[in-house]
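[1] next input, structure requested:
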Amino acid sequence: MKPLKILFVSSELAPLVVTGGLADVAAALPRALTALGHDVRIALPGYDLIPPEHRGEQFCMCVADLGGKTAHGAMRASVAPGTDIPLYLIEHEEYFGRKSPYGVGAYEYEDNAERFCFFSLAVLHGVAQLGWRPDVVHCHDWHTATIPAFIKTRLAHTAAWRHMPTLFTIHNLAYQGRYKARFMAQTGLSWDLFNPQCLEFHGDLNLMKGAIAFSSKINTVSPRYAREIQTPEYGEGLDGFLRTRRTSLSGILNGVDYTVWSPEKDPHIPVCYSRDDLKGKQVCKRALQERLGLPQLDVPLFGMVSRIRWQKGIDLVADALDAVMHQDLQLVVLGTGDPYLENILWQLAGRYPGKMRVLLQFDVGLSHLIEAGSDFFLMPSRFEPCGLSQMYSLAYGTIPIVRKTGGLADSVRPITNGNLSKGRATGIVFEPIEAQAVAQSMLDAIDLYANPDAYGGVQAAGMREDFSWERSSKAYVRLYRQAMRKP
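    Predicted structure coming up:
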C-alpha cells in the first residue's frame, strides 16, 4: 500500500519541550513511522523556551479568527532534533513567549483555552499554505482537540481540509481542557456546538469532548485504558459519551525509544551493561548511592521517578513507609509536582536520613541513573493510561512494582507460580489502592531480592521484552487507514 502523509500535532516534543510522556511519544512515533516509509510532519507551538538553533526559518503568516478577535502569528519551518522530519513551529509572542508551556507551578495560565485554540487554527492555516496535503491529521490530547471540530465544521468546505480524516489520541483523560462556558467565545467555534452532543459538559466547555465527538477515530495509549475509560471509575465523567463512540475507540500501547533508553548505550550511566553481562548494573548502583550520599550497602534499592501527583500514588507510598523502613533497604524519589505531597516526601526523607533521598527537581541524567542503579522501580499509580518508566525499567533489569491498571497491567506480567515456571514473570503487580498493598509489595520485593535465582529469572525475563515503536507504529498505520476509509 502507498506510504501515507501524516500531520502530527502536539503541544510537546522531546527534547525541546517536555513535561511528561507525551513529549517522548511525539518524538519517537514520527521517527518510527518515517522508518516505515511514511511522510510525517510535526506541528508544535513555537514556545520561546525552544533554543534558537531549533527554530528554523519563518515560512508564512498565520491568522486565526477566535470569535470576535483575530490573532496573527507565524509558522516557522525547522526539523525535529536529530532527524530530517519537518517541524512547523507556530509563533505568537503573547501566547507562547512564556517561561513554561501550560502555567506556573500548580496553576495553569488563565487563557490556555484561547492559546491552544489559536495554535490549532494557526496550524491548519499554515499547513494549508505548504502545497502539501496530509492523508490524515493525528491530534494529541486536549491542546489540539479543536482541530477535528474545525475540520468538520468551519473548514469542512475548504480545499485543504475537506473530508480530512482525523485521529485523536487521549494520553490522559484526567486533563480535558475544561473551562467555564464563557470561554466558548474564545475558541473560534460556533456557539451552536455548545450542546451535550459536542462541547458542553455540565454547563462548562470541554475541548476534549469536542474531539471525541468529531474525530474519525479515537485511541488511547494502552488497550486496557481504552476499556477502563468507558467505566465510571476511570471515565472522568466522559465514560457514557465515550461509550457512544466505542466502535471508533481503541488502544495502542506506547513504545520505547531504545536509542534513548538502553543500558547497552546510555551516555548518562557510568558503565553500560546488557542482559548477558550485568556487572555494570552493580557499578551503576554504587554510583547512584555515592552521588546521593547513601551508604554503599548490598540492600534492595527502590527507585521512583515521577510527577509528584495524587494520580501517581505518591501518598500511598508515603503512608506505606513506616511499615517497611525498618527493613534493610534504600529509597530514591525524583520528581516535582504538588507542593503538599512534595513536603510530605521531604519530611519522610528527613525521618529516614540513612535510607531515603528525595530530589524535587527535573533531571534527565539522574532519571537514567536511577533506572540503571535501582533494583526495583515503584509505580503505584491510581490510574495510568500507559506509563513508560515501567518499560524503561524492564530494559534496564530493574524490576517494576506496579498497580494493576492501564498500561502498567498491559506491560508487566505478574509474579505467579505459572509465570515463574515459564520464565514469563517480569514484575510485582498489586491491585488494591491501599498503602498496605504498596507496603506488602515492597516486602515481597525484599524477599525476592534475597533469592538471587528467582530475582535473576524475573530480571532476565524483563530484559527480554520488546516494546519497540516498530510494533506500535504499524498498529497506528492500520488505524490511520481505517480513519481514511470513514473520515
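[2] give the contact list for the closest residue to residue 197 other than its chain neighbours.
    Distances taken as CB to CB, 6 or more residues apart in numbering place residue 213 nearest to residue 197, at 6.5 Å, with adjacent residues excluded. C-beta coordinates here come from the backbone N, C-alpha and C atoms, glycine included. Going by CB atoms under 8 Å, 6 or more residues apart in numbering, residue 213 touches 149, 197-199, 241, 245.
[3] next one: residue 9 from residue 238, what distance?
    Using CB to CB, to the nearest Å, residue 9 is found at 21 Å from residue 238.
[4] so which of these two has more stuff around it?
    residue 9 (27 against 19; other CB atoms under 10 Å).
[5] circling back to that earlier point, buried ones from the contacts of residue 213, can you make that a ChimeraX selection?
    Buried residues among the contacts of residue 213 (16 or more other CB atoms under 10 Å), as a ChimeraX selection:
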select :149,198,199,241
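[6] of the contacts of residue 213, closest to residue 313?
    Using CB to CB, the shortest approach to residue 313 within those belongs to residue 241, at 27.1 Å.
[7] now the closest one: which helix or strand?
    Following DSSP states H and E, one finds residue 241 within helix 239-243.
[8] neighbouring strands - and their directions - for the very next helix or strand once past that helix?
    Downstream of helix 239-243, the first helix or strand assigned by DSSP H and E is strand 249-251. The strands beside strand 249-251 in its sheet (DSSP bridges) come out as strand 217-220 (parallel).
[9] which helices and strands sit right next to the following helix or strand past the strand it pairs with?
    Note on strand 217-220: by DSSP H and E, the next helix or strand toward the C-terminus is helix 223-228. When contacts are defined as 3 or more CB pairs under 8 Å, 6 or more residues apart in numbering; DSSP states H and E, helix 223-228 packs onto strand 249-251, helix 406-411.
[10] hmm, who's touching stretch 27-40?
    Among residues not part of stretch 27-40, those counted as contacts by CB under 8 Å, 6+ apart are 3-6, 8, 13-15, 42, 80, 83-85, 255-257, 468-470, 472-474, 476-477.
[11] from the chain's centre, how far out does that stretch sit?
    18 Å (CA atoms, centre = their mean, to the nearest Å).
[12] check which residues of it are buried.
    So for stretch 27-40, counting by 16+ other CB under 10 Å, buried means 27-34, 38-40.
[13] can you add distance to residue 298 and give those back as a markdown table?
    Below are those laid out as a markdown table (distance: CB to CB, whole Å):
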| residue | distance to residue 298 |
| --- | --- |
| 27 | 37 |
| 28 | 36 |
| 29 | 40 |
| 30 | 43 |
| 31 | 39 |
| 32 | 39 |
| 33 | 44 |
| 34 | 45 |
| 38 | 49 |
| 39 | 52 |
| 40 | 47 |
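[14] could you pull up the residues touching the residue lying closest to residue 311 once chain neighbours are set aside?
    Ranked by CB to CB, 6+ apart and with sequence neighbours excluded, the top spatial neighbour of residue 311 is residue 382, at 5.5 Å. The contact partners of residue 382, by CB under 8 Å, 6+ apart, come to 310-313, 403, 405, 433.
[15] which of those lies closest to residue 454?
    Of all the contacts of residue 382, residue 454 sits closest to residue 403, with 21.8 Å by CB to CB.
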